[in-house]
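In: Fold the following, please.
(4 chains)
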Number of protein chains: 4
Amino acid sequence: MFTAEINLRVRYGETDRMGYVYYGNYAEYYEVGRVEALRALGWSYKEMEDSGFLLPVHSYSIRYFKPALYDDELILKTSIIAMPTARIHFRYEMYNRNGDRLNEGETILVFVNAETKKPCAPPEAFIKALQPYFPQ
Amino acid sequence: MFTAEINLRVRYGETDRMGYVYYGNYAEYYEVGRVEALRALGWSYKEMEDSGFLLPVHSYSIRYFKPALYDDELILKTSIIAMPTARIHFRYEMYNRNGDRLNEGETILVFVNAETKKPCAPPEAFIKALQPYFPQ
Amino acid sequence: MFTAEINLRVRYGETDRMGYVYYGNYAEYYEVGRVEALRALGWSYKEMEDSGFLLPVHSYSIRYFKPALYDDELILKTSIIAMPTARIHFRYEMYNRNGDRLNEGETILVFVNAETKKPCAPPEAFIKALQPYFPQ
Amino acid sequence: MFTAEINLRVRYGETDRMGYVYYGNYAEYYEVGRVEALRALGWSYKEMEDSGFLLPVHSYSIRYFKPALYDDELILKTSIIAMPTARIHFRYEMYNRNGDRLNEGETILVFVNAETKKPCAPPEAFIKALQPYFPQ
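Out: Have a look, this model is predicted:
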C-alpha cells in the first residue's frame, strides 16, 4: 500500500448554511489528496493527462462521521490500496486537528487512452514506481 | 416507493478541463433532486430546517457510466426507497436527452434535532405524507 | 438593448455559513443568465464554442445590496447593452420574489478565435440577430 | 498599506472545459487571500465572526489578463489599501510561476454587528494592529 498525507484548510465558500463543509465538497478534497499522492510518487497528474492518459472517476463513495468546520485544518491520508490495472483504487481518511476522524471514502478511476477513449494499462514507469509498495 | 423527476441544465462552471461535468458536482445535482422530491410531497426542506430538523448526509455513493457534458439537459429521477426512520434513504438515476443512463447513486441522510444535535424521528406529518407510497 | 429574464432557485451547496449565497457564486448565476440570453436570441453558447469562437471573460464586477438566501427563487435580468465588437458587454440585475434588488453586475467577454487565440469579430449572423435591438 | 502573500495550487474541479480556471472561482482564491492576510496580522476571520462581527462583501471587481491553468502554482498578493472604517478595502494581484500577472481585483467588505445586522466600526484591537502600516 502507498499512503501520502496532506493538510487542507477549509475555505469559507466550502461551508454551507449548517456551518459545515457542504457534503459535495469533499470530492474536491479527495481529488487534491490523490493528485498529491501521485506527486509524492514522482508523478504529475497533469503530465499524465498531457501524455495521453485520461483518468475519469468510475465510482466514488464516502461516509461522514463528523463535519469539517470553517477554517479547520484537515489532515487527509490518501492510499493506493492495490497495484493498478486499468483501474486504480484510492482510499481516503480525513481527520481534524483534534484527531477526530471526519470521514472516509473510496474512488476507483480508470486509465483511458485519450485518443481511443478506451480503458488501457497505466504507464509502465508508473507501475514501476509503485512496485516497492506492493512486494509480492 | 416515491419517485420524482426534475430537469437540470449543465452550467459552464460545472465542467472541468476534460469537458465533462466534474465528478464532484453530481452531489449538488442530487441535492436538488431530493429537495424537489420533498417539494413534490408538499414539504420544503428549508421549512423542515427552520422548524428544527437538520438533515446532514450520512453516506453518499455514486457510479459513473457516461459523462454529462456542457449544456446537456439532464433528467434526474430521485426516489425515497423505504419508509424513513431516523434515516432517510434516497436513490438517484440520471439520464441525458438521448436516454443514456449517466450515473446512479444513493444517499442516506439523518434526521437530527437542531437543538440537541441528536438523531430523531422525522416529523409525523412527513411520515403521513409518505404512507400512500409505502402500503403495507 | 436586448434583455432576457430567467428564474433560478438557490441550492443548498451555494449557501455559506452566514446563511447567504456565497459571494463568489453569483458569477455562475450570471453565466446562466448570459447563456440563456443568447439562447433567447436563437444562439447556443455551446455551438458558438464548437464552431471556433471562445468567449473568455475580460472583466467582471458586482455590487451586493441584499443577500440571496437558501431556496430563494431569484429573477435574473441579463442585458446586452451595446452592439458587440470583439467585446460583448452584459449587464445583470437580480431580484428576489419580494421585488428586492439583490445585486447588479457587469461582465465584458471577448470573442477569441479558438485556433489563433486572438480576439476576433463575432459571427456575422449573431450581429444580424442583434440588429433589431440596436436601431440606428 | 499592508500586504500578505500566499501560494495556491489550481485544483482540477476549479477548471472548466476551456481548460482554464473558471472565471467565477477567483472569488474563492481572493477570499483565501484576505483570510490569510488577516491571519498574518494576528487575526482569525473565524474568531472575528464568532465574536459578533460579520463581514459580508459589498462589492467585487476583477480584470482577467491571462488564465490560470490546471495544477498551476499561483502567487496571490493581498493588500489592505486604507485604514478600515466600517468598510475594509482589499486589493489583489495574482501571478503564476513565470511571473505573468494573471488578474487583479478589489473587494470592499463591511463590518456588520451580528446581532443588529447594522454596519459598525471594526474591533479596536484590529485597528491597532493595522496602525503601523498606515503611519500618519
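
In: Find the nearest non-adjacent residue to A:Ile75, please.
Out: A:Tyr95 (4.5 Å; CB to CB, 6 or more residues apart in numbering or on different chains). Where you see a C-beta, it was placed from the backbone N, CA and C, and this is true even at glycine.

In: next one: A:Asp16
Out: The nearest residue in space to A:Asp16 (CB to CB, 6+ apart) is A:Tyr22, at 4.3 Å.

In: That neighbour is in contact with A:Glu14, isn't it?
Out: Yes. Using CB atoms under 8 Å as the test, A:Tyr22 is close enough to A:Glu14 to be in contact (6.4 Å).

In: related to what we said a few turns ago, burial measure for the residue nearest to A:Asp16, as a count.
Out: Number of residues near A:Tyr22 (other CB atoms under 10 Å in any protein chain shown) recorded here: 25.

In: so who does it touch?
Out: Residues in contact with A:Tyr22 (CB atoms under 8 Å, 6 or more residues apart in numbering or on different chains) are A:14-16, C:12-13.

In: repeat that for 10 Å
Out: The neighbours of A:Tyr22, taking CB atoms under 10 Å, 6 or more residues apart in numbering or on different chains as the test, are A:13-16, A:67-68, B:27-28, B:31, B:57, C:11-16, C:22.

In: Quick check: the gap between A:Arg9 and chain C.
Out: As judged by CB to the nearest CB, to the nearest Å, A:Arg9 and chain C stand 15 Å apart.

In: Ramachandran angles for the residue lying closest to that residue once chain neighbours are set aside?
Out: Among residues not flanking A:Arg9 along the chain, A:Glu73 sits closest, at 5.6 Å (CB to CB, 6+ apart). According to degrees, to the nearest 10, the main-chain angles of A:Glu73 amount to phi -100, psi 120.

In: A:Met94 is in contact with A:Glu73, correct?
Out: No. Between A:Glu73 and A:Met94 there is no contact under CB atoms under 10 Å: 11.3 Å.

In: Buried residues in stretch A:95-102, which are they?
Out: A:95-96, A:102 (16 or more other CB atoms under 10 Å in any protein chain shown).

In: right, I mislabeled it, should have said stretch A:57-77
Out: So stretch A:57-77, judged by 16+ other CB under 10 Å, has buried residues A:57-62, A:64, A:67-72, A:74-77.

In: The spatially most central residue of chain A: what's it in contact with?
Out: The centroid of chain A falls nearest to A:Arg34 when counting by CA atoms, centre = their mean (2.9 Å). The contact partners of A:Arg34, taken as CB under 10 Å, 6+ apart, are A:4, A:45, A:55, A:57, A:76, A:78-80, A:88, A:90, A:92, A:107, A:109, D:12.

In: Of these, which belong to helices?
Out: A:Tyr45 (DSSP state H).

In: for the contacts of A:Arg34, which one is nearest D:Cys120?
Out: Taking CB to CB as the measure, D:Cys120 lies nearest A:Leu76 of those, at 37.7 Å.

In: Now do the same contact list for the closest one.
Out: A:4-8, A:26, A:29-30, A:32-34, A:36-37, A:92-95, A:102-103.

In: how about 6 Å then?
Out: By CB atoms under 6 Å, 6 or more residues apart in numbering or on different chains, the contact set of A:Leu76 is A:6, A:33, A:94.

In: Now it. Nearest residue, chain neighbours left out?
Out: Using CB to CB, 6+ apart and skipping residues adjacent in sequence, the residue nearest A:Leu76 is A:Gly33, 4.5 Å away.
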